[in-house]
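K.L.:
build me a model:
(2 chains)
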Amino acid sequence: MRFENYQLDSFYDEMFEKDGTPRPGSKLLFQRLTSLSDGELIRYQQSAERALLNLGITFQVYSDTEGTEKIFPFDIIPRIIAADEWAVMEKGLKQRICALNLFLNDIYSDAKIVKDGVIPEEIIKSAATYRPLCEGLKPPQGIWCHVTGTDLVRDRDGQMYVLEDNLRCPSGVSYVLENRRVMKNTFPAVFSNSHVRSVSNYPGRLLDMLQNLAPAHISNPEVVVLTPGIYNSAYFEHSFLAQQMGVELVEGRDLVVHDGYVHMRTTRGLQKVHVIYRRIDDDFIDPLAFRPDSALGVPGLMEVYRAGRVALANAPGTGIADDKVVYAYVPKMIKYYMGEDAILPNVPTFLCWEDADRQHVLANLDKLVVKAANESGGYGMLVGPHASEKERAEFAEKIKAKPRNYIAQPTLGLSRVPVIVGDSIEGRHVDLRPYILYGKDIFVLPGGLTRVALKKGSLVVNSSQGGGSKDTWVLESNGRPNNPRNASG
Amino acid sequence: MMLSRVADSVYWMSRYVERAENIARFINVNLSLMLDQQLEGQNPWEALIQITGDYEMFSAKYDEANMENAIEFLTFDKEYPNSIFSCVRSARENARTVRETISSEMWEYLNRLYLKIRDRSPGHKSSFLSDGNQFYTDIRLAGNLFTGITDNTMTHNEGWHFTRLGRMIERADKTSRLIDVKYFLLLPSLADIGTPYDELQWSALLRSASAYEMYRKRHGRITPEKVVNFLVLDHEFPRAMLYCISRSENALHNITGTPFGTYSNIAEQRLGSLRSFLAFNSAEDIIKRGLHEFIDDFQDNLNHVDAAIYKTFFEFRTPGG
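P.N.:
Okay, here's the model as predicted:
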């Protein structure tokens, strides 16, 4: 396969240096790819796609009836992260999760961070995801965000930024595990001597973390995964994780609160449940506590949770940290709670509720990305440089009407990776979502999900908006992907 | 112990695979029967649709019970819930809701099967008919493969017993319908009895149940009474009604742990009495009383068993209720 016509343009490329030579960690991969004939790489790509379809690794498309499932597009050229670079990301993520968890503990109890004037009270209280019902809650071991999927992006200059924190029900980790499995089955040669760090122990780690949430006197706790059901876009993942952990996958209708405990309905009557890894948003988890019209949740669950008779991961209320205005304060949280500077910076963020920022945003809509404070999945967003005059005008009105609901960030030139497009290779923009588990300690799964905007020039990587994914390799050591037995130093 | 919803899905996953396999077997035999001989005055395709018990649904949509319509209806019709396509789709949908309970191999196999059938567009009818037999042979084989994969990859736990229960109840139902249709529609006139033509028909019936060779080994000459004896009352032939009911009962008692010969719930009670109803009958008595009436009774009872299984294991009972 040829890279001769591969264009770097003005972007940071994850595989190549500015002068077009492969980065140290990518040399071996580059050699392997260039040694393949044009047809071979495409054949590997096709067999990987077929494998994903046969494995049923698909996501749901709500609007569609017969083909309700699509495979999440997958590109077989891996994205490589060097060991030293990963070490910084890992450290930065641990620091950030630690601070966010301290923030959640604080904000639902004494709210010292507000009293000390670091974050304005009205920002917290006006957030749609703030849960007054969670005030005074004491989750087991003081942990709120057990599973996090932080979105990282790299700008033109090579700097990594945190784009979003995703402390509610981040999805995608199943693709990390299955992408790796499919790569190993369809393209095994590329792995030899590459020293890629393994991701396969994630389900085991997740199960350990969940079991630890059960009351100490329960020797064999019943852990379940709670899914909204087969029509949820992440259903495959819910089912996959339950299967890999060997626990029950339940829907709301399988659970019932009885005698002050949560039970599941089984062929032999009711059975107590101790830990729920819930993949349903707060809003829907208990119709008695939150949205009364929810048919997905379990009536009375919050009461049992409050009494400490069932553990939830993640804890209710974590969504406050996902609010994009609150996000802007995370570097200050790190300083406030830990006395440290943030290792991974935020993307510079303008808060439309502040007059000066708003004026700047309105005057520069054609250069900025504007986001609704509480939307995800690429919805409620304006990419200024790509929007029409009319769209910008409409957004300006929305901002003026509800300034609290909007933030703006400079349009980043997201880094790119080589992707197979037809019978050639072209650069496409990517982000990275590492997964972090907070149990006895904080564990960061090496790598994470690399999402690719497959449309030429597009900056939106979400699967709902035409994104795909790649296997992500974190290398054991820096740029020396040789067999250690043969290496001299 | 397993989730009621999951047990329900596992049971139906297995029933749907068995159903698809049986329909394929019926069509397979009809296709080859047509090649053997012109059937005067009788329409084997109409008989085939009668087997399903869904003749009304068919006639509401198709004007004539010819081969093309019958094949379309029974194989590809997406609106007909018991077409092969719909059965495989339902089996897969059920499997998809219990992927964490069944083995990956089971899921992957059903998923591949579904994709294969879905991509086989009925638009290419002509090419389809030229190798149609192969297609139905493949589906029959698929049912057997799925059973084998299930037996060899899934722990023989409660869930596995539910797959057996579903499969055996479905099979008992299909065998009984097969016998009934032969009786009802293909009943030879008195003049035909004992002629090669009659024998051909009974042979076709046996072949539909993949029972021809095994019958020959057991009884040799083909007589109506012995065919009834074989397909209804045989203890060892895996598609005989009594065999299926005995195995269902065995699966059920493995699920509950209730000693054999006793019962602890209504499903066990009904299935147990249905087994004795068969076990202590004879082909002679059945024919004397009327084969059709016997089958009617049997199907009623089988429906009661299915309802009792639902009530005992799958229904969402409220606590204390």
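K.L.:
give me the pLDDT for the residue of the stretch 51-200 of chain B found nearest chain A.
P.N.:
Using C-beta to the nearest C-beta, B:Glu100 is the residue of the stretch 51-200 of chain B that sits closest to chain A, at 3.7 Å. Using the backbone N, CA and C atoms, a C-beta is placed for each residue, glycine as well. B:Glu100 is assigned 89 on the pLDDT scale.
K.L.:
what sits against it?
P.N.:
With contact set as C-beta atoms under 8 Å, 6 or more residues apart in numbering or on different chains, B:Glu100 has these partners: A:Val225, A:Ser239, A:Phe240, A:Ala242, A:Gln243, A:Val247, A:Glu248, A:Leu249.
K.L.:
pull the most distant pair out of those residues.
P.N.:
Of all pairs drawn from these, the widest gap by C-beta to C-beta lies between A:Phe240 and A:Glu248 and measures 13.9 Å.
K.L.:
the nearest residue to A:His429 once chain neighbours are set aside: neighbour count?
P.N.:
Distances taken as C-beta to C-beta, 6 or more residues apart in numbering or on different chains put A:Leu414 closest to A:His429, at 4.0 Å, once the chain neighbours are dropped. Look at A:Leu414: counted by other C-beta atoms under 10 Å in any protein chain shown, it has 22 neighbours.
K.L.:
list the contacts of A:Leu414.
P.N.:
A:Phe11, A:Val153, A:Arg154, A:Asp155, A:His429, A:Val430, A:Asp431, A:Ala453, A:Leu459.
K.L.:
check which helices and strands the helix or strand the fifth one falls within sits against.
P.N.:
Going back to what we said before, that points to A:His429. Here A:His429 is covered by strand A:424-433, with elements defined by DSSP states H and E. Based on contacts counted as 3 or more C-beta pairs under 8 Å, 6 or more residues apart in numbering or on different chains; DSSP states H and E, the elements that strand A:424-433 packs against are strand A:74-81, strand A:151-154, strand A:416-421, strand A:449-453.
K.L.:
what packs against the following helix or strand past the second one?
P.N.:
The one in question is strand A:151-154. Using DSSP H and E, the helix or strand that follows strand A:151-154 in sequence is strand A:160-164. Secondary-structure packing of strand A:160-164 (3+ C-beta pairs under 8 Å, 6+ apart): helix A:83-107, strand A:151-154.
K.L.:
what residue ranges in chain B score low on pLDDT?
P.N.:
Judged by pLDDT under 70, chain B has its weakly predicted residues at B:35-42, B:121-130, B:182-197, B:316-321.
K.L.:
switch the cut-off to 50
P.N.:
B:190, B:320-321 (pLDDT under 50).
K.L.:
residues of it that sit close to chain A?
P.N.:
Proximity of chain B to chain A (C-beta under 8 Å from any C-beta of the partner chain) is limited to residues B:1-7, B:78, B:93, B:96-97, B:99-101, B:104, B:107-108, B:111-112, B:115, B:158, B:255, B:313-314, B:316-319.
K.L.:
now list the buried members of these.
P.N.:
Among the residues of chain B next to chain A, those that count as buried by neighbour count (16 or more other C-beta atoms under 10 Å in any protein chain shown) are B:2-7, B:93, B:96-97, B:99-101, B:107-108, B:111-112, B:115, B:158, B:255, B:313-314.
K.L.:
in helices only, show me those.
P.N.:
Restricting those to those inside helices, with DSSP state H as the criterion, leaves B:4-7, B:93, B:96-97, B:107-108, B:111-112, B:115, B:158, B:255.
K.L.:
closest to A:Pro316 out of these?
P.N.:
B:Arg5 (24.6 Å).
K.L.:
start and end of stretch A:30-41, how far apart?
P.N.:
Counting by C-alpha to C-alpha, to the nearest Å, you get 12 Å between the two ends of stretch A:30-41.
K.L.:
off-centre distance for it?
P.N.:
Its chain's C-alpha centre and that of stretch A:30-41 lie 31 Å apart, by C-alpha atoms, centre = their mean, to the nearest Å.
K.L.:
in that stretch, what's buried?
P.N.:
Residues of stretch A:30-41 classed as buried: A:Phe30, A:Arg32, A:Leu33, A:Leu36, A:Leu41 (neighbour count, 16+ other C-beta under 10 Å).
K.L.:
on the pLDDT front, check the nearest residue to the second one once chain neighbours are set aside for me.
P.N.:
Translated: A:Arg32. Here the nearest residue to A:Arg32 in space, its sequence neighbours aside, is A:Val190; by C-beta to C-beta, 6+ apart that works out to 5.4 Å. On the pLDDT scale, A:Val190 is placed at 84.
K.L.:
A:Lys27 too?
P.N.:
At A:Lys27, the predicted lDDT confidence score is 92.
K.L.:
show the backbone phi and psi for the nearest residue to A:Asp366 once chain neighbours are set aside.
P.N.:
Of all residues beyond its chain neighbours, the one nearest A:Asp366 is A:Gly384 (5.0 Å), with distances taken as C-beta to C-beta, 6+ apart. In this entry, A:Gly384 is assigned phi and psi values of phi -50, psi -60 (degrees, to the nearest 10).
K.L.:
give me the pLDDT value at A:Gly384.
P.N.:
At A:Gly384, the pLDDT value in this model is 88.
K.L.:
hmm, it is touching A:Lys371, no?
P.N.:
No. Using C-beta atoms under 8 Å, A:Gly384 and A:Lys371 do not qualify as a contacting pair, with a distance of 11.2 Å.
K.L.:
please name the residues that touch A:Phe74.
P.N.:
Contact partners of A:Phe74, counting by C-beta under 8 Å, 6+ apart, are A:Ala48, A:Glu49, A:Leu52, A:Asn179, A:Val182, A:Gly468, A:Ser469, A:Lys470.
K.L.:
tell me the one of those nearest A:Thr21?
P.N.:
Checking those one by one against A:Thr21 (C-beta to C-beta), the nearest turns out to be A:Lys470, at 21.2 Å.
K.L.:
before we go further, the closest one is sitting in a helix, right?
P.N.:
No. With DSSP: H, G, I helix; E, B strand; the rest coil as the criterion, A:Lys470 is located in strand rather than a helix.
K.L.:
and A:His238, that one's in a helix?
P.N.:
Yes. Inclusion of A:His238 in a helix is indicated when three-state DSSP is applied.
K.L.:
quick one, what contacts A:Ala408?
P.N.:
Counting by C-beta under 8 Å, 6+ apart, A:Ala408 makes contact with A:Thr349, A:Phe350, A:Cys352, A:Asp357, A:Val361, A:Asn364, A:Leu368, A:Val369, A:Val370, A:Lys371.
K.L.:
SS state for it?
P.N.:
Under three-state DSSP, A:Ala408 falls in the strand class.
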